[in-house]
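> Below are the sequence and a predicted model for it; my questions follow.
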Amino acid sequence: MTENYINYGKRQVTKEEYLAPGHRACIGCVEVLAVRQAMKALGPDTIVVSATGCMEIVSSQLPWTSWRVPWIHTLFENTAAVASGIESGLKAMQRKGIKPEKKVNVVATAGDGGTSDIGLQALSGALERGHDFTYICWDNEAYMNTGIQRSSATPYGASTTTAPAGKKSIGQVTWKKNMPLIAAAHNIPYVATACPSYPFDLMDKVKKAADTDGPAYVHIFSVCPTGWRTSPEMGIEIGKLAVQTGVFPLYEVENGKYKLSMKVANRKPVQDYLKLQGRFRHLTEDDIKLIQERTDEEYEKLMKLVEESQG
């Protein structure tokens, strides 16, 4: 390969940065690292549609931008709809000879609030219609940009500004919405979960999603030191623990078939993951036990889907 690539063992990664340095992300932000990794996988022939959220705010304050590919900011609720229009417009222009036949990655991105809450209707419609685009959710488990409000992706027991822990409240009282499973229920060609603590796995999945003919959905776990009340230098370790405890399993769903990307034979206790985060510091032993039981239950459900896919 050329000097524009760097070797990591048998792997090669481009040196090109399609999300430029100089953005305004918080110290230790793992979400912006996830964006950087995803953009390396997508490359220059990409159009990004970005919902309102942390990544929009930190990367696009006029007169500066960190984006080195065509980028469009849209609202919380219609990211997938805008991406659908771009994808349809490109097809029409190529069909009429206005644009040359060329693979262009149309990518819609939003946080967990813009995906599992406000933007779910537009996303569901785009997946159902079969648009050839990739949707990426940056999941930091709350509305971090506007003040750490709870979302439907906020895990049980977490303390947020709108679901605060107190004498009579545990914080978040509902369990995290399983957005990848909802996406897979649309019978689309490709769904995956990823975490920037495992960068090659993340980049491989984003590349596979972009190369998929039809809609693809990638759900990326994004540790937020600010909202989770963690030490900034602990982001990568916390991401690894999310995977190693089974809180956030890494898997793919290709044409309805489930495949585990990383099987953890001896999962660590969820307490190892929870104890590093201030948003969980109020939890009792009974609370942690309940979360452990739920984690085990959900992991077994996933394993059953994997086993059925192999059979």
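Sure, I can see it. Numbers count the residues shown, from 1 in each chain.
> So what are the sheet partners of whichever strand or helix holds His73 and their directions?
Applying DSSP states H and E as the criterion places His73 in strand 71-74. Its sheet considered, strand 71-74 pairs with strand 46-51 (parallel) by DSSP bridges.
> Show me the helices in the chain, by range?
Secondary structure of the chain (DSSP state H): helices located at 30-42, 54-59, 79-95, 112, 120-129, 179-184, 199-211, 225-228, 235-244, 270-274, 285-310.
> what's the span of stretch 271-281, first residue to last?
Its start and end residues considered, stretch 271-281 measures 11 Å (C-alpha to C-alpha, to the nearest Å).
> quick revisit: to Lys103, which of the helices of the chain lies closest?
Of all the helices of the chain, it is helix 199-211 that lies closest to Lys103, at 8.5 Å by C-beta to C-beta. Using the backbone N, CA and C atoms, a C-beta is placed for each residue, glycine as well.
> relative to strand 46-51, how tilted is that closest one?
Calculated by axes from the mean of the first three to the mean of the last three C-alpha atoms, to 10 degrees, helix 199-211 forms an angle of 100 degrees with strand 46-51.
> what helices or strands is helix 199-211 leaning on?
Packing partners of helix 199-211 (3 or more C-beta pairs under 8 Å, 6 or more residues apart in numbering; DSSP states H and E): helix 30-42, strand 134-139, strand 190-194, strand 216-221.
> export these to TSV and tack on mean neighbour count?
TSV is the format used below for these (neighbours: other C-beta atoms under 10 Å):
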stretch	mean neighbour count
helix 30-42	24
strand 134-139	28
strand 190-194	27
strand 216-221	27
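> pLDDT score assigned to Thr2?
At Thr2, the predicted lDDT confidence score is 48.
> which residues of the protein score low on pLDDT?
Within the chain, the stretches with pLDDT under 70 are 1-3.
> and if we set it to 80?
1-3, 10, 311 (pLDDT under 80).
> thinking again about what came up before, pick the most buried one from the helices of the chain.
helix 112 (a mean of 26; mean count of other C-beta atoms under 10 Å).
> returning to what we had before: could you redo the helices and strands packed on helix 199-211 as TSV and give each row distance to Ala183?
Conversion of these to TSV gives the following (distance: least, C-beta to C-beta, whole Å):
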stretch	distance to Ala183
helix 30-42	17
strand 134-139	8
strand 190-194	5
strand 216-221	4
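> who wins for proximity to Gln310 among those?
strand 190-194 (17.1 Å).
> Summarise which helices and strands the closest one is packed against.
So strand 190-194, by 3+ C-beta pairs under 8 Å, 6+ apart, packs with helix 179-184, helix 199-211, strand 216-221, strand 251-254.
> Output the ones you listed as JSON lines; include the columns distance to Arg267.
Shown next, in JSON lines, are the helices and strands packed on strand 190-194 (distance: least, C-beta to C-beta, whole Å):
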{"stretch": "helix 179-184", "distance to Arg267": "19"}
{"stretch": "helix 199-211", "distance to Arg267": "18"}
{"stretch": "strand 216-221", "distance to Arg267": "16"}
{"stretch": "strand 251-254", "distance to Arg267": "14"}
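> Any idea how many residues pack against Tyr156?
By the criterion of other C-beta atoms under 10 Å, Tyr156 has 17 neighbours.
> Then Gly28?
Number of residues near Gly28 (other C-beta under 10 Å) recorded here: 18.
> which ones are touching it?
225, 230-235 (C-beta atoms under 8 Å, 6 or more residues apart in numbering).
> Just among these, which is most surrounded?
Highest count within those by other C-beta under 10 Å belongs to Gly235, 23 neighbours.
> how near is it to Ala209?
Between Gly235 and Ala209 the computed distance is 23 Å (C-beta to C-beta, to the nearest Å).
> And Gln121, by the same measure?
Taking C-beta to C-beta, one finds Gln121 at 21 Å from Ala209.
> now do Ala142
In this view, Ala142 and Ala209 are 25 Å apart by C-beta to C-beta.
> hey, what's Tyr5 bridged with?
Thr14.
> Quantify the burial of it by counting its neighbouring residues.
Neighbours of Tyr5 (other C-beta under 10 Å): 13.
> Does it touch Val13 like I think?
Yes: judged on C-beta atoms under 8 Å, Tyr5 makes contact with Val13 at a distance of 6.6 Å.
> Which residue, neighbours along the chain excluded, lies closest to Leu123?
Ala80 (4.3 Å; C-beta to C-beta, 6 or more residues apart in numbering).
> For Ala242, which non-adjacent residue is closest in space?
Using C-beta to C-beta, 6+ apart and skipping residues adjacent in sequence, the residue nearest Ala242 is Phe248, 4.0 Å away.
> Wait, that neighbour touches Thr193, no?
Yes: the pair Phe248 / Thr193 is scored as a contact, 6.8 Å apart, by C-beta under 8 Å.
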